[in-house]
Every structure is written in C-alpha cells, then in structure tokens.
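Trainee: have a look; sequence and predicted model below, questions after that.
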Amino acid sequence: MEFDIIDLRDFTTDTRRTVDDYPYGGGCGMVIKPEPVKRALDFAAGKVLSSGGSAPFSIYLTPQGSLLKQKSVEQLSLKEHILLFCGHYEDIDYRARKLFDLELSIGDYVLSGGEPAAAVIADALIRKIPGSLSNPESSEEDSFSGGETLFDCPHYTRPPEWENKKVPEVLLNGDHKKITAYRRARAIINTMKTRPDLLKTEELSDSDFKILKQYFLNYNESED
C-alpha cells in the first residue's frame with residue numbers, strides 16, 4: 001500500500017491560500033470552500049488516471065457519514081485506489097459534498113480533524129492486504145469478520161494458571177470440535193454482555209442455541 005498526501009491549500013487561488021470562509025446565514029465556525037475541494041479531487045483523479053489506474057474511490061470523513069464497520073472495510077479493500085478527504089472546521093460546502101462517492105464516520109463523536117479517522121481506516125485496510133499479517137487466518141477470525149456482528153471470543157496463553165485463574169479446561173483437551181463450539185458460545189455471550197444491540201442484526205441459528213445450552217450445562221468457570 002502506498003500513500004500520497006495532498007494539501008488542499010495547493011488548490012487555492014489567493015496569496016493567503018485560503019480554503020475556508022464564513023457560513024451563509026451566520027453561525028460559529030468556518031466552512032471549507034467548494035472550489036479547492038473540486039480542484040483537489042480532479043487533480044487526484046487525473047494523477048491516477050494518467051498512470052493507467054482507475055479513478056480513486058473518494059470518501060469524505062465526517063461524523064455525519066455512515067458508520068465504519070468491518071463489512072465496509074472488506075468492501076473498500078477491493079478498491080484499487082481510495083481517496084480520504086479529511087474534514088476540518090465546521091464542514092465543507094454542502095455542494096462539494098456531492099462530489100464524493102461515500103461519506104464515512106468512525107464513530108459518534110467529533111474530532112478536531114479527519115486525520116485520525118483516516119489513520120484508523122488505513123490501518124483496517126492494511127490488515128486486508130495479503131502478506132501484511134504473519135498468519136492470514138488472523139484477520140478472518142477477528143471480531144465482525146465474515147459478515148457477522150459478533151465480538152471475538154476470549155483468548156488465553158501460557159501459563160495455564162495465573163493469580164489463581166485457570167485457562168478453561170476445554171481449551172487444553174485438544175478436542176477441536178468442543179473448542180470450536182466453546183469459542184462460538186463465548187463470542188455470542190461476549191456480544192450479549194457488552195453490545196447487545198449488535199445481536200439485533202445477527203440471526204443466531206438453531207445450532208447456536210444448542211451450543212449455548214451446552215455451554216451453560218458444562219462450563220462453570222468464571223472468566224470475567
């Protein structure tokens with residue numbers, strides 16, 4: 001993955017390189033002007049097209065955008081070129097927002113600028129590049145992977161007992177079928193406890209309910 005940084009001020013026409021102005025109708029904050037936005041997008045597209053690539057998929061990073069999810073990351077990872085526009089000030093001129101292919105948010109909060117959001121998205125995308133992880137299966141087993149909205153299950157390593165807390169016995173017995181069922185149950189339980197809202201979009205199967213029943217019948221250890 002390669003990164004190219006574009007300075008919006010390079011696409012202004014005045015000596016002060018002004019990218020913002022006061023909002024019509026009054027109010028606090030400044031608004032990014034539409035002209036430099038359009039010029040910057042045209043420049044980026046032209047640069048990629050002249051090298052034989054496809055036009056970049058343009059994303060405006062804003063708290064008002066659709067929420068970034070793992071499914072979004074997987075879809076974006078299929079794009080050849082991506083342009084991330086880091087919002088600043090109050091907003092950009094609404095007419096310029098229509099120039100973007102997608103508006104995206106990384107959460108229901110406000111940052112001073114879009115750069116941290118761009119870094120989050122870039123990091124999520126890097127994990128999808130073949131060879132970026134020592135074990136390719138790692139990203140496939142992450143929380144929210146495979147189109148699901150479940151958290152990952154708890155993970156343990158040596159020593160088998162630490163400060164009077166033991167690793168669940170099922171993970172030590174080598175029975176991979178039981179281990180798989182146990183991890184599935186714990187993933188569902190973790191999601192129920194921390195983000196029950198996610199289960200509104202996750203359809204648990206009959207097999208899942210059987211796995212949960214067996215979990216509560218067979219495992220008594222305290223893991224939390």
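Mentor: Received the coordinates, thanks.
Trainee: drop to CA atoms for contacts and neighbour counts, all remaining ones
Mentor: OK.
Trainee: could I get the buried residue list for the lengthiest strand in the chain?
Mentor: Counting residues, the longest strand found in the chain (DSSP state E) is strand 57-67. Neighbour-count burial for strand 57-67, counted by 16 or more other C-alpha atoms under 10 Å, picks out F57, S58, I59, Y60, L61, T62, P63, G65.
Trainee: residues contacting the first one?
Mentor: By C-alpha atoms under 8 Å, 6 or more residues apart in numbering, the contact list for F57 reads K79, H81, I82, L83, D101.
Trainee: isn't E103 up against S66?
Mentor: Yes - contact status for E103 versus S66: in contact at 6.3 Å, counting by C-alpha atoms under 8 Å.
Trainee: so what's the gap between the lengthiest helix in the chain and the chain middle?
Mentor: Assignment by DSSP state H gives helix 176-194 as the longest helix of the chain. In terms of C-alpha atoms, centre = their mean, to the nearest Å, the centre of helix 176-194 is found 23 Å from the chain centre.
Trainee: which other residues reach that helix?
Mentor: 150-154, 170-171, 198-199, 208, 211-212, 215.
Trainee: repeat the analysis, applying 6 Å as the threshold.
Mentor: Helix 176-194 is contacted by residues L150, F151, D152, C153, L171, I211, L212 when judged by C-alpha atoms under 6 Å, 6 or more residues apart in numbering.
Trainee: any idea how far E169 is from the nearest residue to the fifth one once chain neighbours are set aside?
Mentor: Nearest residue to L171, sequence neighbours excluded (C-alpha to C-alpha, 6 or more residues apart in numbering): I179, at 5.9 Å. As defined by C-alpha to C-alpha, to the nearest Å, I179 lies at a distance of 10 Å from E169.
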